[in-house]
Each structure stands twice: as C-alpha cells, then as structure tokens.
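Engineer: All I have is the shape, not the residue letters:
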C-alpha cells in the first residue's frame, strides 16, 4: 500500500509540475537589426547604399516615396497562455540618405520612442441608410420618362 501511495504522490507532483510549465511564457523574435559593431562601421557621408548592402545586408523596409531611408526593425513578443501576444521590445534602426545616395544619418529607436498613429479614412455618406432595395427600386421606377426609353 505504501508503494502505491508513493507512486501516486510522485505522479501528482509530476502532473503539477507539467501543468505549471505549460503556463510559462513563450518569447518570439521577429525581424532583424544589425549588431552594434556593424553599425559602428558605417561612416556618415562616405558609405552608400551599395556599401551598406555588403556590410549590413538589405533591409526589409525602405522609404515609401523616394527610398530616402532604410529601416531595420526587430520585435520581441511574449505569448502567454490564452492572452493576446504582447510586444515587449522593439528596436528600429533608421538610416537616411542624401540626394547623392550617401549615408546622411543613422538613428536607433526603441519601443519607448514609438507612438500610435491614428489612421483616418474618408467615408462618403449616402442617403440610403435604412432604405431597402425594393423601396429604392420603386422610387426610381417612377422617375422613368417615355423620352428616356425612346433614345
């Protein structure tokens, strides 16, 4: 009987430890930023896009309109049980270029430098809210004139 109780206790302890380890957070990294040693090799006013591509690699993001900058972005996310993933760290390295294509500035931003950008969209308001399709059809039916049909 003692052997059974000992085995049962050992099984319950193993089950409890397994349940506790299942509730631990999982961390995932997304993106890439060059290491600081590689960024220290970038010379402002001397390096170009081609030399940066060899030294740092090409980024996943560039300036939208005129490719005036390269952006390296890395994020660290925490996934915990049933909760939504939470971004706990973000690093952005922004390299801007002048008109000749040489490096003008190298900046590093973190999550504390980020801000929420509110997107606005324009919606055309219409006067057909709450009006059914059949009602709209019947209203337009009365607007037809014989001269419209003869054309």
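Structural biologist: Thanks, I have the structure now. For clarity, every value in this text was computed on a predicted model and none was experimentally measured. Numbers count the residues shown, from 1 in each chain.

Engineer: quick one: average pLDDT of stretch 103-110?
Structural biologist: Mean pLDDT, computed over stretch 103-110, is 86.

Engineer: Check which residues of it are buried.
Structural biologist: For stretch 103-110, a neighbour-count test (16 or more other Cβ atoms under 10 Å) marks 103, 106 as buried. Bear in mind the C-beta positions are built from the backbone N, C-alpha and C, glycine included.

Engineer: what's around residue 72, how many residues?
Structural biologist: By other Cβ atoms under 10 Å, the residues close to residue 72 number 21.

Engineer: Looking at strand pairing, list the partners for it.
Structural biologist: When bridges are taken as DSSP bridges, the partners of residue 72 come out as residue 93.

Engineer: Wait, it touches residue 35, no?
Structural biologist: No. When contacts are counted by Cβ atoms under 8 Å, residue 72 is not listed as touching residue 35 (10.8 Å).

Engineer: Tell me which residues are up against the helix or strand that contains residue 96.
Structural biologist: In the assignment (DSSP states H and E), residue 96 maps to strand 86-97. Contacting residues not belonging to strand 86-97 are listed as 27, 33-34, 39, 42, 49, 52, 67-78, 80, 103-111, 113-114 [Cβ atoms under 8 Å, 6 or more residues apart in numbering].
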